[in-house]
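Enquirer: Provided below are the primary sequence and the corresponding predicted coordinates.
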Amino acid sequence: MFNQTDRTQRRQARTAARAVDAVASISAASRGARAGQLMRFGAVGVLGTIVNVTILHLLHNELGWGFTGSSAIATELAIVHNYMWNELWTFHVRRLNVGRLVRYNMSSLLAFCVTVGVATVVKELTDPRLAQLVGILSGAGLNYIVNVRWTWGPAAALNEDSE
């Protein structure tokens, strides 16, 4: 009886060790794929920031429009720009979808409010373009988490082969 119990325990331990190894290898692959996805999302964000600050500069500095309205327009145009690139490149869906655009825009609403709110406060202390950058950085992390989990959901599944 002791030998049978001992063999059963060793078999269970080996099975558990294999399961842990399998989970660890999947986790490592997932972390690598998620890091690539996050880097693409960040690159899109950098391009969106350039779009945002350029439009802000044109509307506010060149055309003399009010800062808050210019910031809101610049942010919304950057959101649409970022959605398109994230849909086609970051998450490899490769087809635009109005429903996802609406979810992306809705999920970006909080980041939008943070961006405009922070920028509006900070512009009292510094150059409006720098204030806009501070606002953008304030909403960026939240934007990624909400969009990965809600906007793309299962479509954001990690796929290392789709590079």
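Expert: Thanks, I have it.
Enquirer: need the helix or strand of this protein with the lowest average pLDDT.
Expert: helix 2-56 (a mean of 74; mean pLDDT, DSSP states H and E).
Enquirer: what's the closest non-adjacent residue to Ala73?
Expert: Wrong residue type there; residue 73 is Ile, not Ala. Among residues not flanking Ile73 along the chain, Leu59 sits closest, at 6.2 Å (C-beta to C-beta, 6 or more residues apart in numbering). Heads up, the C-betas are built off the backbone N, CA and C, glycines and all.
Enquirer: roughly how far apart are that neighbour and Ile50?
Expert: Distance from Leu59 to Ile50, counting by C-beta to C-beta, to the nearest Å: 15 Å.
Enquirer: got it, and Phe41?
Expert: Separation of Phe41 from Ile50 (C-beta to C-beta): 15 Å.
Enquirer: which one's more surrounded, those two?
Expert: With neighbours defined as other C-beta atoms under 10 Å, Phe41 and Ile50 compare such that Phe41 has more, 21 against 12.
Enquirer: against Leu130, how distant is that one?
Expert: To Leu130, Phe41 is 23 Å away according to C-beta to C-beta.
Enquirer: next one: Gly69
Expert: From Gly69 across to Leu130, the span is 19 Å (C-beta to C-beta).
Enquirer: and if you look at Ile79?
Expert: Ile79 is 21 Å from Leu130, where distance means C-beta to C-beta.
Enquirer: neighbour-wise, which of these two wins?
Expert: The neighbour comparison of Ile79 against Leu130 (other C-beta under 10 Å) goes to Ile79, with 23 against 14.
Enquirer: with just CA atoms, put the helix or strand hosting that one into PDB.
Expert: In the assignment (DSSP states H and E), Ile79 maps to helix 67-85. Taking C-alpha atoms only, helix 67-85 is exported to PDB below (Å, rounded to 0.1, in the frame of the first residue of the first chain):
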ATOM      1  CA  PHE A  67      -7.100  76.600 -26.200                       C
ATOM      2  CA  THR A  68      -9.700  74.200 -24.700                       C
ATOM      3  CA  GLY A  69     -11.700  73.900 -27.900                       C
ATOM      4  CA  SER A  70      -8.500  73.500 -29.900                       C
ATOM      5  CA  SER A  71      -7.300  70.900 -27.500                       C
ATOM      6  CA  ALA A  72     -10.600  69.000 -27.700                       C
ATOM      7  CA  ILE A  73     -10.600  69.000 -31.500                       C
ATOM      8  CA  ALA A  74      -7.000  67.900 -31.700                       C
ATOM      9  CA  THR A  75      -7.600  65.100 -29.200                       C
ATOM     10  CA  GLU A  76     -10.600  63.800 -31.000                       C
ATOM     11  CA  LEU A  77      -8.800  63.800 -34.400                       C
ATOM     12  CA  ALA A  78      -5.900  62.000 -32.700                       C
ATOM     13  CA  ILE A  79      -8.300  59.400 -31.300                       C
ATOM     14  CA  VAL A  80      -9.700  58.600 -34.700                       C
ATOM     15  CA  HIS A  81      -6.200  58.400 -36.100                       C
ATOM     16  CA  ASN A  82      -5.100  56.100 -33.300                       C
ATOM     17  CA  TYR A  83      -8.100  53.800 -33.700                       C
ATOM     18  CA  MET A  84      -7.400  53.200 -37.300                       C
ATOM     19  CA  TRP A  85      -3.700  52.300 -36.700                       C
END
